[in-house]
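[1] Here is a sequence together with a model predicted from it:
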Amino acid sequence: MGRRFVAQRRKDPYYRAAQAEGLRSRAAFKLEYLSDRFPIFRPGNRVLDLGAAPGGWSMVASERVGPQGAIVAVDPRLVEPIARVAYVRAKVGSASLSIRLGPEPFDVVLSDMSPSISGAYSTDHARSVALVLEAWALAQQVLKPGGRWVAKVFDGDLLADAEAQMKSSFDRWRRTKPPASREQSSELYLLGFGFHAPRASSK
């Protein structure tokens, strides 16, 4: 991690606020913003958090669904224990992951996965789209009818086709960029509400 990045991060108001409030990452503010603005969580929901490390989104989700809810966090990196959050150490895309998650479906699937940044925009965009499609492949297996989907992706020319694959499976679809996203970042968030089997297009 370069000195310039560390210095910029320390000046970041969201990073400083996350440290002050005991949150695990500035990304927690993004999910707080999204869940304040959109009906993502309901008390008692069962939530799958993909790419969960270091756990910021799992903490927010756990708070929003309350003591009757349940969170399952998935990441190949270690996630320090969080109250009411079960952790599965695995990579999204692993053939055995859906089996390890068990038969009970989820009300909400979250994906805040991000590729290792190369600095080449086209490469990072392509990797980001590949990750969101891997998460989406899993979500289709585990999401309840009527469920909700939230996923980060880097904007670019490959997104339109990927977004078309996802949005046809929801009653409502939104894309937005939370204030906590860095201004220079191309990241945006895709939100689907009312999951169902994709409808055939009429031609």
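    Received it, and whenever you're ready, just let me know what you need.

[2] Report the distance from stretch 44-57 to the chain centre.
    Centre-to-centre, stretch 44-57 and its host chain are 8 Å apart (Cα atoms, centre = their mean, to the nearest Å).

[3] for stretch 33-50, same thing?
    11 Å.

[4] Which positions within that stretch qualify as buried?
    Residues of stretch 33-50 classed as buried: 33, 34, 35, 38, 40, 41, 45, 46, 47, 48, 49, 50 (neighbour count, 16 or more other Cβ atoms under 10 Å). The C-beta positions use only the backbone N, C-alpha and C, and glycine is treated the same way.

[5] For those residues, name the two members farthest from one another.
    Checked with Cβ to Cβ, these reach their widest spread between 33 and 46, with 22.4 Å between them.

[6] buried ones in the longest helix anywhere in the chain?
    Scanning the chain for the helix with the most residues, using DSSP state H, yields helix 121-142. Within helix 121-142, the residues that count as buried by 16+ other Cβ under 10 Å are 124-136, 138-140, 142.

[7] Which positions within the next helix or strand along the chain from that helix qualify as buried?
    For helix 121-142, the succeeding helix or strand toward the C-terminus, using DSSP states H and E, is strand 143-154. Within strand 143-154, the residues that count as buried by 16+ other Cβ under 10 Å are 143, 147, 148, 149, 150, 151, 152, 153, 154.

[8] how far away is the third one from residue 173?
    Which is residue 148. Residue 148 sits 11 Å away from residue 173, going by Cβ to Cβ, to the nearest Å.

[9] what's the overlap in contacts for those two?
    191, 192, 193 (Cβ atoms under 8 Å, 6 or more residues apart in numbering).

[10] quick check, nearest of those residues to residue 93?
    Distances from residue 93 to the shared contacts of residue 148 and residue 173, taken by Cβ to Cβ, are shortest for residue 192, at 20.0 Å.

[11] and the residue nearest to that closest one when sequence neighbours are not counted, what is it in contact with?
    Spatial nearest neighbour of residue 192, excluding adjacent residues (Cβ to Cβ, 6 or more residues apart in numbering): residue 170 at 3.5 Å. By Cβ under 8 Å, 6+ apart, the contact set of residue 170 is 149, 192, 193, 194, 195, 196.

[12] Neighbouring strands of the helix or strand harbouring residue 107 in the sheet, and parallel or not?
    Assigned by DSSP H and E, residue 107 belongs to strand 106-111. Strand 106-111 has its sheet partners listed here by DSSP bridges as strand 46-50 (parallel), strand 143-154 (parallel).
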